[in-house]
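Undergrad: need a structure here:
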Amino acid sequence: MIRVLIVDDSPVVRNVFEQSLNADSEIEVVATAPDAYVARDLIVQHQPDVVVLDIDMPRMDGLTFLKKLMKYYPLPVVIASGLTDRGSQLALDALQAGAVEVVSKGGAKLPGESAAMELLYKVKAAALVDVKRRNAIATATVAAIPAAPAPRSYGRIASDRLIAIGASTGGTEALEAVLKGLPEDCPPIVIVQHMPAKFTAQFARRLNASCRPTVAEAQGGERLEQGHVFICPGDDHMVVMGRSAPYTISLRSGPLVNRHRPSVDVLFKSVARSSGSRTVAALLTGMGKDGAQGLLEIRNTGARTICQDEATSIVFGMPREGIEIGAAEFVCPLQDISGKLMELASQSARKAA
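TA: Residues are numbered from 1 along each chain as shown. Reported below is the predicted structural model:
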């Protein structure tokens, strides 16, 4: 049983979240709190497994409280945020400060059925995270990441090469680590990170400010060109179109796949059909199995594939599934993945399965 504390200044949101979570037999809401000061006492009293924390509250804001929690009483935190620019910025700040997941409260509207499903899923994902271990991994990874190589230091890379990456829980930090290790002339990159709508644009802007390649949220219709990285928008699926370079991006709605939209499998399976053996693909940290089958389809074309290892994964779900079904040609620690991507992109494809 996962014991949850909900912290939100809105009694309506607290009630909706409590009903949504208590409807699942694996979750028990042990208490709710209107602010951080009440929450502090309830955490000591109830010792919850997961805290669902509003980012924007009176008296003490969620980000300040989160930082205190990580210092004195670290435990998994799911941030609940509105769909505003400020809300998305604060949510990303919270992920950097130690939160493990973020969910959307849907702006001014009450959370709907899809938001309730997302909340359930992310609370369960958060419960799998050892926060002390997560923080240790983050510190060690940052220290171990090599500086981005100079342009062309890997030799000539064919113009039709494409890199595809998928990630979920723990992926925001993992993706930043990978992209910081890439040169500005890397092959085009397409990424699915499980994240709510409106948050991915801010995430892309942050990555663009800290990485050498140009990073942007995909809008649909973009040509995939060297040195450019595209993040799939939350609540859309992303597919790669074309049988030869330059490939293009198409965004689509449609049903959830593996409980997700965007889905890594949707992206990876489209890549298997388009760039095929000219691809290098990586499946990073995350709960569940999204992306594993797509990675296998990519590998079966003769492409090169990587799964993140257990030691550096915040949640070893998606990579484990990929490894178990034979989708991973290589299993690498996070700090080695950027170098491996470039190394494999400069090599020829394997023979197709």
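
Undergrad: Going by neighbour count, list what's buried in the helix or strand hosting L251.
TA: Secondary structure here is read from DSSP states H and E; on that basis L251 sits in strand 248-252. Neighbour-count burial for strand 248-252, counted by 16 or more other C-beta atoms under 10 Å, picks out I249, S250, L251. In short, each C-beta sits where N, CA and C put it, glycine included.

Undergrad: who's in contact with the first one?
TA: If a contact means C-beta atoms under 8 Å, 6 or more residues apart in numbering, then I249 has V190, A218, G220, G221, E222, L224, F230, M238, V239, V240, M241 as its contacts.

Undergrad: switch the cut-off to 7 Å
TA: Contacts here follow C-beta atoms under 7 Å, 6 or more residues apart in numbering; on that basis I249 touches V190, A218, G220, G221, E222, L224, F230, M238, V240.

Undergrad: Kindly report the same for the second one.
TA: Under the criterion of C-beta under 7 Å, 6+ apart, the contact list for S250 reads G220, V239, M241.

Undergrad: Now intersect these with the helices, please.
TA: Secondary-structure check on the contacts of S250 using DSSP state H: no residue lies within helices.

Undergrad: Buried ones among those?
TA: Using 16+ other C-beta under 10 Å as the threshold, V239 are the buried ones among the contacts of S250.

Undergrad: In JSON lines: the contacts of S250, plus pLDDT and distance to E343.
TA: Compiled in JSON lines, the contacts of S250 are given as follows (pLDDT from 0 to 100; distance: C-beta to C-beta, whole Å):
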{"residue": "G220", "pLDDT": "98", "distance to E343": "31"}
{"residue": "V239", "pLDDT": "99", "distance to E343": "27"}
{"residue": "M241", "pLDDT": "98", "distance to E343": "27"}
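
Undergrad: Mind checking which of the contacts of S250 land in strands?
TA: Residues from the contacts of S250 lying in strands, with DSSP state E as the criterion: V239, M241.

Undergrad: Quick check: what element follows the least confident helix or strand in the chain by mean pLDDT along the chain?
TA: Of all helical and strand segments in the chain, the minimum by mean pLDDT, DSSP states H and E falls on helix 131-144, at a mean of 78. Stepping forward along the backbone from helix 131-144, the first helix or strand reached (DSSP H and E) is strand 162-167.

Undergrad: Quick one: residues in contact with that next one.
TA: 174-175, 178, 187-193, 224, 247, 264, 267-268, 271, 275, 278-286, 291, 341, 345.

Undergrad: okay, that strand in CSV with CA atoms only?
TA: Presented in CSV, the C-alpha positions along strand 162-167 are these (Å, rounded to 0.1, in the frame of the first residue of the first chain):
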residue,chain,number,x,y,z
LEU,A,162,19.2,10.1,-36.8
ILE,A,163,19.2,9.8,-33.0
ALA,A,164,16.0,9.0,-31.1
ILE,A,165,15.6,9.0,-27.3
GLY,A,166,12.8,8.1,-24.9
ALA,A,167,12.6,8.7,-21.1
